[in-house]
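# Sequence first, then the predicted structure, then my questions.
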Amino acid sequence: MRMTSAAVAAVCASISLLAPVSAYAADGPAPGPSTVPAVHHSIDPKVSFSKDCHSGITVILSNIAPDDSTTDPVTFHVTAPSGKTSDVVVQPNQLVKVVYGVAEGETANVGVDTLGLSHQTFRWTKRCTRVLGEKVTQTPQKKPTTPSDPPASAAELPFTGVPAAPLTVVGLGLLVAGAGLVRAGRVRRA
């Protein structure tokens, strides 16, 4: 039997608002008032979705409050991509992961309903790129046998340096001049 969320909320509200009740014996009132403590019910349903090219759609259903105060299980009504609905019970302070595979190029919808949470829907079209690692090479085009511009020979290449012979002569001249200045700068002793 499924109850609407409004009906369940009304039942939970009436349970949590119970006032202390006096106990009466069958032969008259008890000598003093005794109270029955109100029972507190606590749930904290949460839903999150994620997508992955390997596993598909992952639905995480949780019933965990930040202060670990949940006391009752939560039943989530999950609609799979195939349209099939199933109930997943999550105990207090627990979480449950449900994974749905999705084929390449296919669009999948997952829906979740539960008490205390609005309807959650997740839609994903799987378009995952795969690199196959194939090497593609092009063969060079053949050149004509009679080229219009023949290649330049080694003698026709441009000169891109300095002539070595004049630089060698200048270098030797500077060495001789330096040696002469060193000799002239010596102090002569008589």
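Cool, got the structure.

# mind listing the helices for this structure?
5-16, 164-184 (DSSP state H).

# What average pLDDT does the longest one get?
What helix 164-184 shows for mean pLDDT is 93.

# Now do the contacts for residue 66.
By CB atoms under 8 Å, 6 or more residues apart in numbering, the contact set of residue 66 is empty. For glycine as for every other residue, the C-beta is placed from the backbone atoms N, C-alpha and C.

# separation between it and residue 54?
Computed with CB to CB, to the nearest Å, the distance linking residue 66 and residue 54 is 32 Å.

# now residue 45
28 Å.

# what do you get for residue 159?
For residue 159 relative to residue 54 (CB to CB), the value is 63 Å.

# ok, now residue 114?
28 Å.

# and what of residue 75?
Counting by CB to CB, the gap from residue 75 to residue 54 is 29 Å.

# more neighbours, the two?
Taking other CB atoms under 10 Å, residue 75 and residue 54 do not tie; residue 75 has more neighbours (16 against 6).

# which residues sit in contact with the more buried one?
87-90, 114-115.

# If you rank every helix and strand of the chain by mean pLDDT, what lands last?
Ranking every helix and strand in the chain by mean pLDDT, DSSP states H and E puts strand 24-25 at the bottom, with a mean of 38.

# State the number of residues packed around the closest residue to residue 71 other than its chain neighbours.
Of all residues not flanking residue 71 in the chain, residue 42 sits nearest, at 4.8 Å (CB to CB, 6 or more residues apart in numbering). Neighbours of residue 42 under the rule other CB under 10 Å: 14.

# okay, residue 42: pLDDT?
Residue 42 is given a pLDDT of 84.

# wait, it sits on residue 64?
No. The pair residue 42 and residue 64 does not pass the contact test of CB atoms under 8 Å, sitting 11.2 Å apart.
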